[in-house]
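S.K.: please find the sequence and the predicted model below.
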Amino acid sequence: MELGLVGLGKMGGNMRERIRRAGHTVLGYDRNPDLADVHSLEELVGKLQGPRVVWVMVPAGAATQSTIDELAELLEPGDVVVDGGNSRWTDDEKHAEELAAKGIGFVDCGVSGGVWGLENGYALMYGGDPENVAKVQPVFDALKPEGDLGAVHAGKVGAGHFAKMVHNGIEYAMMQAYAEGWELLEKVDSVTDVREVFRSWQEGTVIRSWLLDLAVNALDEDEHLDELRGYAQDSGEGRWTVEAAIDNAVPLPAITASLFARFASRQEDSPQMKMIAALRNQFGGHAVEKK
Ligand SMILES: O=C(CO)[C@H](O)[C@H](O)COP(=O)(O)O
């Protein structure tokens, strides 16, 4: 089949390649002309045969919104837009309604696999009406990993991004657990080769996982992570997971703590710990450290 793909960055560029390897035709558009096959969304839509499928793979928020706005003006009834970025699931219904007003279908798709997806395949979680999903199915089949697992029609519009959001919340907590264990092992004198402990855990243990494999890769590149600053950004999905937990009164202590740990990583000095030090000093005369 033919696919229009908007956004050819780290994810989109490799996805184009994987879909082409499966024998499909992909026309890619990116603001960076060095990456693009066409020079505008208008040209992209004009070159595709109907019913068209256009996959949007740009940053969540304003970039996704403006791309969908533009596509709503260019596409025709029966065409389908897929949002494969990490959009907030609450945006999906809005996008589906905007496109439905012009007879254009919408499917939201959470994509996991990072820069390894080209070779290993991408895990896909999608939401939308079965008739729209069916139009995209050959692309899902091209992107997904080999075998029976790795792709799911999770439910109605928004379900794909909701599932991906929860996936990323779990990702936060798992990374935090490996990171905490690693710091403790590094701290004690009795353990002399932390990297080899991590490596040994890759076989036979209860905690083996792809994230553990990646931790070993990172330690092979920089055994004590001396080259890195202890600073971690976040792209939004952890926050949205915690917000959804609050909305639904579901306790998520591990995921919430791992999000807050990232916030703490961005502070040079902790204002709240200053207050704690001040209060201990006030009530108990406990020593404080001054600047
Ligand atoms: O979706 C992903 C992995 O599954 C992305 O890599 C995502 O950007 C990671 O989230 P964050 O930047 O919040 O750590």
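M.R.: Great, that's in hand.

S.K.: who's in contact with whichever residue of the stretch 151-291 of the chain sits closest to the ligand?
M.R.: Nearest residue of the stretch 151-291 of the chain to the ligand, counting by C-beta to the nearest ligand atom: Ser235, 3.4 Å away. (Each C-beta comes from the backbone N, C-alpha and C, glycine too.) Shown in contact with Ser235 (C-beta atoms under 8 Å, 6 or more residues apart in numbering): Ala60, Asn86.

S.K.: secondary structure class of it, three-state.
M.R.: The three-state label given to Ser235 by DSSP: H, G, I helix; E, B strand; the rest coil is coil.

S.K.: so that it lines up with my notes, have the first residue be 134 from now on.
M.R.: Okay, residue one is now 134; in that scheme the one you just asked about reads as Ser368.

S.K.: dihedrals phi and psi, it?
M.R.: When read as degrees, to the nearest 10, the backbone of Ser368 gives phi -100, psi 0.

S.K.: is stretch 195-205 anywhere near the ligand?
M.R.: No. For stretch 195-205, no contact with the ligand is found by C-beta under 6 Å from any ligand atom; the gap never falls below 14.0 Å.

S.K.: can you give the distance from that stretch to the centre of its chain?
M.R.: 19 Å (C-alpha atoms, centre = their mean, to the nearest Å).

S.K.: give me the pLDDT value at Val248.
M.R.: Here the pLDDT value assigned to Val248 is 89.

S.K.: who are the contact partners of it?
M.R.: Shown in contact with Val248 (C-beta under 8 Å, 6+ apart): Lys143, Asn147.

S.K.: how much space between it and the ligand?
M.R.: In this view, Val248 and the ligand are 9 Å apart by C-beta to the nearest ligand atom, to the nearest Å.

S.K.: who does the longest strand belonging to the chain pair up with?
M.R.: Scanning the chain for the longest strand, with DSSP state E as the assignment, gives strand 238-245. Strand pairing for strand 238-245, using DSSP bridges, gives strand 213-216 (parallel), strand 256-260 (antiparallel).
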